[in-house]
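*Asks:* Give me coordinates for this.
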Amino acid sequence: MKVFIISIFFYILQYQLNVSIAELKSNKNEIVNHLGTRTPYRFRFNKNYDKIKYSKCKDSKIWMIVRHGTRLPSAKDILGMNTTLHELKHLIILQNKLGRGDLNEEQVTKFEKWSSNINVEEEKFLTLEGQDEMILLAERTRKRFPNVIKNKYDNSTFLFRFTATQRAHQSARYFTKGLFTQKDAQNVVFAPATKVDHILRFYKHCDKWQKQVKQNPDTYKEQKIFGRSIEMNHTLDSVTKRLGLNRPLTLGEVTLMYKVCGYETSWNKFTISPWCSAFDKNTVEILEYYHDLKHYWIDGYGHNLTYRQACLALQTMFKMFRSDREPFATFLFAHSGTLLKILTHLQLFKPDHPLTGDAMDKGRSWKASYIDCFASNLAFVLYKCKDGDHVLTLHQERPIILPMCDKELCPLQQLEDFFYDTIHKCDFADLCNLDKDEKDKSSQ
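*Replies:* Down below sits the predicted model:
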């Protein structure tokens, strides 16, 4: 009887999942593919779990960096949910019941049921969905690379590191639960997290980058231009009309709706956020591009220093692959800013032209919705082959061909030659220390 009940439960669960996936894939709800850095990982990962094999080669080492799993919003966004969106919710319901707006009855009902009571003290905490993402990612990784990832945990052959944040710490812990048995997972030793981490959060401590890029108003110029564009004004008008509101929405309010649409859709497996109904395909793509502009100029190809400093992380991978010492498996848990800068250092997803605020580049390869969703990851696997050492690169668990390589399995020597400066000329002080004039200006 117990087995029967369990079977019924999983049947219902699978039915709900199939229904939700069908709903999410419908034209009406295709916006879930354009939610930027808050896009759910369950729509992005490689669903082929098979062991990755190459003739006359054997996987021997793995170096993997993972963005933390789905998290709660920032304190600012939580306050916005608890105040601004609560007020707008009541206006939306009232106006649509008066016959204004384009929402259907089901969408209005979802707004009626919607509430937010997240504590600000839990800002950016890992969610239950984030925990599941890490467990399942680890299970798939172990199945694909059984030679290097042994079932039994050994502290000398595995290295786990995370930044000094709750979401990265918990992501690492849940990842080990998917990698090992329950008993072994409890005995995993983690490298201590430090406030200053030049490997996992190098940009936080790079004074020159902070001054010249992050705190430089010019970095946000293109995003501001697009925020004042005709396309964005049409978007604000469209969202206002769609929700039936009798006053124009601001860019800040619509951006908050867009963010919460992403957050709530990511952490709820079977439903999408009611705030997603504020958008259609055109308006959500406009907002996606608005946020991509920021990430392009602050985390990507906008400034050379941004991606040059990522050498500090990649340097550890090359050293590990050439070393005869343990560990043989390294797993690092970091953040969106880390992953995007490393992807850029590798010359991946580079658009044909710099992204600007004058017009949206629809065909761009730089889309955070695809390259930097929650739980995004990048892995390098060293293969010992009869013709020498080769490296396989995976993004979102899919094998990819690096721009400087001819095929997926790339000779390690070829990569070392191309990234010679990354390996041998990566000096944090030289890259990041402000000169005397810049120090004087920053202290004024």
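
*Asks:* distance of Trp366 from Ile62?
*Replies:* 27 Å (CB to CB, to the nearest Å). Placement of C-beta: from N, CA and C, glycine included.

*Asks:* Actually, Phe43.
*Replies:* 25 Å.

*Asks:* Ok, Arg325 next?
*Replies:* Distance from Arg325 to Ile62, by CB to CB: 15 Å.

*Asks:* Same check on Asn119?
*Replies:* From Asn119 to Ile62 the distance is 37 Å (CB to CB).

*Asks:* before we move on, the earlier item: Phe43 and Ile62: which has the busier surroundings?
*Replies:* Ile62 (26 against 17; other CB atoms under 10 Å).

*Asks:* Thr330 is in contact with the more buried one, correct?
*Replies:* Yes - using CB atoms under 8 Å, Ile62 is in contact with Thr330, at 7.2 Å.

*Asks:* Wait, a helix at Arg31?
*Replies:* If you look again at residue 31, you'll see it is Ile, not Arg. Yes - counting by DSSP: H, G, I helix; E, B strand; the rest coil, Ile31 is located in a helix.

*Asks:* ok, for it, nearest residue in space, not its chain neighbours?
*Replies:* Val284 (4.1 Å; CB to CB, 6 or more residues apart in numbering).

*Asks:* for that neighbour, what are its contacts?
*Replies:* 31, 34-35, 258 (CB atoms under 8 Å, 6 or more residues apart in numbering).

*Asks:* low pLDDT regions in the stretch 1-150 of the chain?
*Replies:* Residues of the stretch 1-150 of the chain meeting the criterion pLDDT under 70: 1-29.

*Asks:* Apply 50 and report the result again.
*Replies:* 1-28 (pLDDT under 50).

*Asks:* Would you state the strands of it in chain order?
*Replies:* Applying DSSP state E, counting those that start in this stretch to the stretch 1-150 of the chain gives strands spanning 57-67.

*Asks:* Any figure for the gap between Glu222 and Phe162?
*Replies:* 33 Å.

*Asks:* Give me the more crowded residue out of these two.
*Replies:* The residue with more neighbours, out of Glu222 and Phe162, is Phe162; 26 against 20, by other CB under 10 Å.

*Asks:* partner residues bridging that one?
*Replies:* Phe333 (DSSP bridges).

*Asks:* any idea how far it lies from Lys384?
*Replies:* Distance from Phe162 to Lys384, by CB to CB: 29 Å.

*Asks:* do Glu231 as well
*Replies:* 52 Å.

*Asks:* If you count surrounding residues, which of the two has more?
*Replies:* Set side by side, Glu231 and Lys384 show more neighbours around Glu231, with 17 against 14, by other CB under 10 Å.

*Asks:* Next, the more buried one: secondary structure please.
*Replies:* Per three-state DSSP, Glu231 ends up helix.

*Asks:* do the same with the one 3 residues further on
*Replies:* For His234, the assignment made with three-state DSSP gives helix.

*Asks:* Could you report the neighbour count for Pro411?
*Replies:* The number of residues near Pro411, taken as other CB under 10 Å, comes to 17.

*Asks:* Quick one: residues contacting it.
*Replies:* 388-391.

*Asks:* Could you identify which of these has the most neighbours?
*Replies:* Val391 (24 neighbours).

*Asks:* That one should be in a strand, yeah?
*Replies:* Yes - judged by three-state DSSP, Val391 forms part of a strand.

*Asks:* Could you give the bridge partners of it?
*Replies:* Bridge pairing for Val391 - DSSP bridges - gives Leu382, Cys410.

*Asks:* For it, give me the pLDDT.
*Replies:* Predicted confidence (pLDDT) for Val391: 98.

*Asks:* quick one: it and Lys407 touch, right?
*Replies:* No - applying CB under 8 Å as the test, Val391 and Lys407 come out as separate, 11.1 Å apart.

*Asks:* Could you report the neighbour count for Thr356?
*Replies:* Thr356: 16 neighbours (other CB under 10 Å).

*Asks:* what's the residue nearest to it when sequence neighbours are not counted in contact with, if anything?
*Replies:* Closest residue in space to Thr356, ignoring its immediate chain neighbours: Glu222 at 5.2 Å, by CB to CB, 6+ apart. Residues near Glu222 by CB under 8 Å, 6+ apart: 293, 296-297, 355-357.

*Asks:* Buried residues, the host helix or strand of Glu222. List them.
*Replies:* Taking DSSP states H and E as the definition, Glu222 sits inside helix 221-227. Buried residues in helix 221-227, counted by 16 or more other CB atoms under 10 Å: 222-223, 226-227.

*Asks:* Quick one: residues contacting the residue nearest to Leu35 when sequence neighbours are not counted.
*Replies:* If the residues on either side of it in the chain are set aside, Leu35 comes closest to Gly262, at 3.7 Å by CB to CB, 6+ apart. Counting by CB under 8 Å, 6+ apart, Gly262 makes contact with 35-39, 273.

*Asks:* What about those residues, which one has the most neighbours?
*Replies:* Busiest of the contacts of Gly262 [other CB under 10 Å] is Leu35, holding 29 neighbours.

*Asks:* What count of nearby residues applies to the closest residue to Val260 other than its chain neighbours?
*Replies:* Excluding its sequence neighbours, the residue lying closest to Val260 (CB to CB, 6+ apart) is Trp275, at 4.8 Å. Per other CB under 10 Å, the neighbour tally for Trp275 reads 26.

*Asks:* repeat for Phe190
*Replies:* 15.

*Asks:* Can you verify my assumption that it contacts Phe160?
*Replies:* Yes - if you go by CB under 8 Å, Phe190 and Phe160 touch, sitting 4.9 Å apart.

*Asks:* residue boundaries of the strands in the stretch 301-444 of the chain?
*Replies:* Going by DSSP E, counting those that start in this stretch, the stretch 301-444 of the chain shows strands at 329-334, 377-385, 388-395, 398-400, 409-411.
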